[in-house]
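Novice: what follows is a predicted protein model with its sequence.
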Amino acid sequence: MTFSKFGNGHADTIMSGIITLAKEGMLPLSVLVFIASILVPLLKIIGLLFLLLSIQGRWNVGPHHRTILYRIIEFVGRWSMLDIFVITILVALVDLGAIAQIIPGAGATAFGAVVILTMLAARKFDSRLIWDNTND
């Protein structure tokens, strides 16, 4: 995302935004952005990968643990679009023409695509596979 004020703009990434928030004394907000923007999507992808590999590889993981992980992934999926909504609101609120603008970059589109794809992957996952071929 690029923030432009009076024609002078600089591009920021999610991580540089988190660091800037922390340096400005907004540590709780920076932690929230870190969790929502980086940690949750990463853990969601790792969780889905673990479920897939444990089922296909017939790992010795109990169905109860797989079910808990699946429910956590489903719950977190509801909050996955939080960052996209924040960017959308910022763009709408800060668009002051030549005075100030926020311009979402290609990273926002890629991030949105990852969020949508992980949401679709979690929805497409057949939870009945968790209980198939169990040794319990």
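Specialist: Looks like it came in fine. Numbering: from 1, shown residues only.
Novice: remind me which helix or strand the closest residue to V61 other than its chain neighbours belongs to.
Specialist: Spatial nearest neighbour of V61, chain neighbours left out: S54 (4.7 Å); criterion: CB to CB, 6 or more residues apart in numbering. Where C-beta positions appear, they are placed from N, C-alpha and C, glycine not excepted. For S54, the host element (DSSP states H and E) is helix 40-56.
Novice: just the helices in this protein please.
Specialist: Ranges of helices within the chain are 14-23, 27-34, 40-56, 63-77, 82-94, 106-124, based on DSSP state H.
Novice: and the residue nearest to the spatial centre of the chain, how far from W79?
Specialist: In the chain, the centroid-proximal residue (CA atoms, centre = their mean) is P41; its distance is 3.6 Å. Applying CB to CB, to the nearest Å, the value for P41 to W79 is 10 Å.
Novice: can you check D12 too?
Specialist: Distance from D12 to W79, by CB to CB: 22 Å.
Novice: tell me which of those two has more neighbours.
Specialist: A count of neighbours by other CB atoms under 10 Å puts D12 above the other of D12 and W79, at 17 against 11.
Novice: coming back round to it: including mean pLDDT, could the helices of the chain go into JSON lines?
Specialist: As requested, the helices of the chain are exported to JSON lines (pLDDT from 0 to 100):
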{"stretch": "helix 14-23", "mean pLDDT": "80"}
{"stretch": "helix 27-34", "mean pLDDT": "82"}
{"stretch": "helix 40-56", "mean pLDDT": "86"}
{"stretch": "helix 63-77", "mean pLDDT": "83"}
{"stretch": "helix 82-94", "mean pLDDT": "64"}
{"stretch": "helix 106-124", "mean pLDDT": "79"}
